[in-house]
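Participant: Just a sequence and a predicted model for now, questions to come.
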Amino acid sequence: MFKGKKYYGEFLNSDEKISTNILADRLEKLEVDGLITKAIDKENNSKYLYALTAKGVDLMPMLLEMIVWSAKYDKKTETPAEFIKRLKKDKDSLIRELLASLE
């Protein structure tokens, strides 16, 4: 969702190539755990919109620290070097920017 994805199809077409049954199961678990919400799209009643809850958003600092850790130890990381550099230099500013993009 930090990459602007909000529809099932957008998640399904991600680079991770997750299977439909796994994606559906994970989205359901995240919703049951209160990390995301699922609502009918008012512009297209046949689609659902997924959004982070406050509980989900509160995980952001921890997820960003995991990204930094992964970049340090995983030479195959797909996280852009510029993102890592910004994260290390001014994490608070980046968090504010990411939060604004979720609104």
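Facilitator: Sure thing, it's come through. Bear in mind that the values here come from a model prediction, so they are computed numbers and not experimental data.
Participant: Can you tell me how far D25 is from L35?
Facilitator: Separation of D25 from L35 (CB to CB, to the nearest Å): 14 Å. Every residue, glycine included, has its C-beta placed from N, CA and C.
Participant: Neighbour count for these two, which is higher?
Facilitator: For D25 versus L35, the count of surrounding residues by other CB atoms under 10 Å is larger for L35: 18 against 12.
Participant: Might you report the residue contacts of that one?
Facilitator: Applying CB atoms under 8 Å, 6 or more residues apart in numbering to L35 gives the contacts 52-53, 55-56, 59.
Participant: how much space is there between L49 and E65?
Facilitator: Distance, L49 to E65, by CB to CB: 28 Å.
Participant: what's the longest strand in this protein?
Facilitator: Scanning the chain for the longest strand, with DSSP state E as the assignment, gives strand 44-52.
Participant: what residues does the helix or strand just after that one touch?
Facilitator: Sequence order places helix 54-57 as the next helix or strand after strand 44-52, per DSSP states H and E. For helix 54-57, contacts defined as CB under 8 Å, 6+ apart pick out 1, 30, 34-36, 99, 102.
Participant: now helix 54-57, how far from the chain's geometric center?
Facilitator: Centre-to-centre, helix 54-57 and its host chain are 11 Å apart (CA atoms, centre = their mean, to the nearest Å).
Participant: ditto for stretch 17-33
Facilitator: Stretch 17-33 sits 13 Å away from the centroid of its parent chain (CA atoms, centre = their mean).
Participant: Just the buried positions in it, please.
Facilitator: Applying a neighbour-count criterion of 16 or more other CB atoms under 10 Å, one finds 27, 30 buried in stretch 17-33.
Participant: same check, this time on stretch 50-65
Facilitator: Buried residues in stretch 50-65, counted by 16+ other CB under 10 Å: 50, 52, 56-57, 60, 64.
Participant: Between the two ends of it, what distance do you get?
Facilitator: Stretch 50-65 has its terminal residues 24 Å apart, counting by CA to CA, to the nearest Å.
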